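Asks: here's my sequence, what's the structure:
(one chain, ligands or ions: 1)
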Amino acid sequence: MSSEENPYMIELKDIHKKYLLKQAISGIDLQIKKGTIVGLLGPNGSGKSTLLKMMAGLIYPTSGTILVGGRKPDVHNKQHVAYLPEIDNLYGWMTVRETLKFISGFYKDWQAERAAEMLVKMELDENQKVRNLSKGMRARLKLIAALSRNVPLILLDEPFSGIDPSSRAKIIRSIISEFQSDEQTILLSTHSVNESEPMFDDVIFLQNGQVKIFDSTENLRETYGCSLENIWEKVYG
Ligand SMILES: Nc1ncnc2c1ncn2[C@@H]1O[C@H](COP(=O)(O)OP(=O)(O)OP(=O)(O)O)[C@@H](O)[C@H]1O
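Replies: Now for the predicted structure:
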């Protein structure tokens, strides 16, 4: 990395977001380093999805500045950012193969080989119709769609929801082993704190639209002398 290169993939300055009457984000300052996997943790309604959507350029802050890769996110953001939404946006009438082919058509950076490898790892049958997949299988398909892109930033909103704990651990191991820290940054929200812990370089604890803690997993373990899950209980319990 040259000394002049910006070390941050994401920079938030005094971000506020209000939906009609609901203040979802109340003054967040954050700098997320390139080449890290960062966990976005917090109880329901703490603002995780809102923050990820703003970074993906899908919604805009009410005030404050967001820079993603040094640029303000906008509608063109999806060419540089892979975003896995919390909602299920897959078409039931397509097969798994057709779904990935359809999605690949939108992106020049699609890595077909990687998608094929992940299909095997995640034990998905290409010929199955999406409408016949279980919730966990659909979640796997969404993950393959996001992780098959060759982009500097991957945003994953609750990627493991519906996936059983042992498969979750397997998927997390494969994310860690395939992570290209010299090229990518991953930010993911999850309630599966326990299984996800080995993956995180840094962790953000959100509460009521504010950052309660932002630190490296290593520092947190040292400071609190316990796992992230126990820290979670201390912070939110
Ligand atoms: N489109 C919307 N209109 C109005 N309020 C909204 C909207 N989206 C989110 N909110 C509110 O903003 C707050 C933050 O919501 P957000 O979805 O970002 O939380 P979250 O941490 O992702 O929650 P969860 O863990 O349940 O997914 C909540 O109080 C929610 O009700």
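Asks: so where's this protein shaky on pLDDT?
Replies: Counting by pLDDT under 70, the chain shows low-confidence ranges at 1-4.
Asks: please enumerate the helices of it.
Replies: For the chain, applying DSSP state H gives helices covering 48-55, 96-104, 112-121, 135-147, 165-178, 193-196, 217-224, 228-236.
Asks: name the residues of this structure found near the ligand, please.
Replies: With CB under 6 Å from any ligand atom as the criterion, the chain meets the ligand at residues 19-20, 22, 24, 42, 44-50, 86. Where you see a C-beta, it was placed from the backbone N, CA and C, and this is true even at glycine.
Asks: picking that back up, tabulate the helices of the chain (TSV), appending mean neighbour count and distance to residue 184.
Replies: Listed next are the helices of the chain as TSV, based on neighbours: other CB atoms under 10 Å; distance: least, CB to CB, whole Å:
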stretch	mean neighbour count	distance to residue 184
helix 48-55	23	14
helix 96-104	18	18
helix 112-121	15	12
helix 135-147	21	10
helix 165-178	15	10
helix 193-196	20	17
helix 217-224	15	18
helix 228-236	17	22
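Asks: would CSV of the residues of the chain next to the ligand with distance to residue 67 be doable?
Replies: Formatted as CSV, the residues of the chain next to the ligand follow (distance: CB to CB, whole Å):
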residue, distance to residue 67
19, 23
20, 27
22, 25
24, 20
42, 22
44, 28
45, 26
46, 23
47, 19
48, 20
49, 20
50, 17
86, 24
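Asks: mind checking which of the residues you listed are buried?
Replies: Listed as buried from the residues of the chain next to the ligand are 24, 42, 46-50, 86; burial here means 16 or more other CB atoms under 10 Å.
Asks: among these, which one lies nearest to residue 190?
Replies: Distance to residue 190 across these (CB to CB) is lowest for residue 48, with 8.8 Å.
Asks: excluding its backbone neighbours, what's nearest the closest one?
Replies: Distances taken as CB to CB, 6 or more residues apart in numbering place residue 189 nearest to residue 48, at 4.0 Å, with adjacent residues excluded.
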